[in-house]
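> Predicted model and sequence follow; I will ask about them next.
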Amino acid sequence: MRKAIILLIVGSVICSLFAILAACQKGPEAEETIKIAYVGGFTGYAAAKAKHLTHGVELAVKEINEAGGVLGRKLEVISYDTRSIPEEAVSAVRKGIYDDKVSGITGFDDASQALAALPVAIKAGIPICNAMSIHKDLVRKPGELGFWGITPQNDQYIKAQCAFAEDILGINSVVALGPEVAWLHDCFSHIREIWERPGSPVKVLDTIAYPMGTADLSPIVLKAVGYKPDMIWSFDWSVVGTIQVYKLLADLGYEGENMQCLGNLSQPVIEGAGKTCEGSWSIFCWDVALNNPESIAFKEALVNAFGPQVMNEVSDVTPFGYISVKSMCMAFEKVGGTTDLEAIDKALFELDWVTPAGWKWHLDEKGWMDWRALYICTVKNGKLEVVAAIPKYR
């Protein structure tokens, strides 16, 4: 009987040991990944831009994991499709924080989504990076921590483009048009602020906003052309919409320098619009045509990761996705695993590295990456070509 009891005790101890060992093996596996939520309209009106951003995100994840992960743990990015709807962006952020237990959030291809979702992350104390969307209200408010942005803000984009159009192209009149989204009216307000100033040589004839997803843009384009402006400035982000605008304008005699495409002068647009966009121009903070060492290395890394065809699927937003993930994980590494938002925020401002755009990392007082210049590009022989570097306009 005593022998049976001893054997029972020994058996229980052995079982307990196996249970502990199993838990130890399972523990690291459960804690093996650091999760980041990637929120975007992958099937929305800006799906093409979201795809460009995704290549940057995926490259960052690949490089980080191949280098050993974050604090020895594998990085996992969970994607949430918002269909470019603000309410779904809010739901995605909540799901990431409370269901999937993410350590940080990035993405956002539209300001409406970012403006809606940002308060949720800030209230929860989760670091959030606005990788792509731009709006005057997407800045830090007093006391806010752990929020930063990668893309230049609208005032920087618009000031640079207005300067180029006014000083280099010498235009005297303009009509701007684009889909009804939050950032569009922000852009329009900057245009009016610059060109409706006393003594301005450029007259803003009209700013036209049309419903998102408008199938037939011919009435809009016809209205714009009716003003007979020196330049028509399109803010359409969708590939389909931009191609349609180009072809309609070409049919009406507006080509080359008279067509400025801020929203989506990407390779799919150039291929789809054909010769109708030849000679037109746009502005970027990064482009595949740049040949500084950092850009060359970034392009080589993209090709090595995804194949040569990827160069037809990237644009100026591709580095945004890469920089957003890299900066977040570098900050996590710097603070040694603490979730203290103040420590993470401090680490973000102290990062020391050179981005794929060739500029040294620096956040301004509003929490935005401080880009040193923007590039004017034109379409030549079916490819984008850098024609000018515009210094920082802030």
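Yes, it's here.
> mind giving me the domain split of this protein?
Here the domain assignment for the chain is 30-152+291-363, 155-284+376-391, based on automatic domain parsing.
> Quick one, which of those gets closest to Asp370.
The minimum distance between Asp370 and the domains of the chain falls on domain 30-152+291-363, with 4.5 Å, by C-beta to C-beta. Using the backbone N, CA and C atoms, a C-beta is placed for each residue, glycine as well.
> Quick one: mean pLDDT for that closest one?
Regarding domain 30-152+291-363, the rounded mean pLDDT is 90.
> Show me how far that domain is from its chain's centre.
For domain 30-152+291-363, the gap between its own C-alpha mean and the chain's C-alpha mean amounts to 8 Å (C-alpha atoms, centre = their mean, to the nearest Å).
> change the start of the numbering to 38 and stick with it
Okay, using 38 as the starting number, the last item reads as domain 67-189+328-400.
> element containing Gly278, please.
Per DSSP states H and E, Gly278 falls inside helix 276-288.
> How far off centre is that helix?
Taking the mean of its C-alpha atoms, helix 276-288 sits 24 Å from the chain's own mean (C-alpha atoms, centre = their mean).
> same check, this time on stretch 171-191
Put simply, stretch 171-191 sits 13 Å off its chain's centre (C-alpha atoms, centre = their mean).
> With stretch 318-337 instead?
Counting by C-alpha atoms, centre = their mean, stretch 318-337 comes out at 16 Å from the chain centroid.
> hmm, back to that, mind giving me the packing neighbours of the helix holding Gly278?
helix 255-263, strand 268-271, strand 296-298, helix 304-310 (3 or more C-beta pairs under 8 Å, 6 or more residues apart in numbering; DSSP states H and E).
> Can you say which of the ones you listed is nearest to Leu206?
Nearest of the helices and strands packed on helix 276-288 to Leu206, taken as C-beta to C-beta: strand 268-271 at 7.1 Å.
> Reformat the helices and strands packed on helix 276-288 as JSON lines; add mean neighbour count, distance to Ala161 and mean pLDDT.
Formatted as JSON lines, the helices and strands packed on helix 276-288 follow (neighbours: other C-beta atoms under 10 Å; distance: least, C-beta to C-beta, whole Å; pLDDT from 0 to 100):
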{"stretch": "helix 255-263", "mean neighbour count": "17", "distance to Ala161": "41", "mean pLDDT": "94"}
{"stretch": "strand 268-271", "mean neighbour count": "24", "distance to Ala161": "38", "mean pLDDT": "89"}
{"stretch": "strand 296-298", "mean neighbour count": "24", "distance to Ala161": "38", "mean pLDDT": "60"}
{"stretch": "helix 304-310", "mean neighbour count": "20", "distance to Ala161": "37", "mean pLDDT": "82"}
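> could the ones you listed go into a markdown table alongside distance to His399?
Output for those, formatted as a markdown table (distance: least, C-beta to C-beta, whole Å):
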| stretch | distance to His399 |
| --- | --- |
| helix 255-263 | 39 |
| strand 268-271 | 30 |
| strand 296-298 | 29 |
| helix 304-310 | 30 |
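> For Val372, which of these is the nearest?
Closest among those, using C-beta to C-beta: helix 304-310, at 38.9 Å.
> Next SSE downstream of that closest one?
strand 318-321.
> Show me what the helix or strand just after that following strand is packed up against.
The element immediately downstream of strand 318-321 (helix or strand, assigned by DSSP H and E) is helix 330-343. Contact here means 3+ C-beta pairs under 8 Å, 6+ apart; on that basis helix 330-343 packs against helix 84-103, helix 355-371.
> what sits up against helix 330-343?
92, 95-96, 99-100, 323, 325, 347-348, 350-351, 355-356, 359, 391-395 (C-beta atoms under 8 Å, 6 or more residues apart in numbering).
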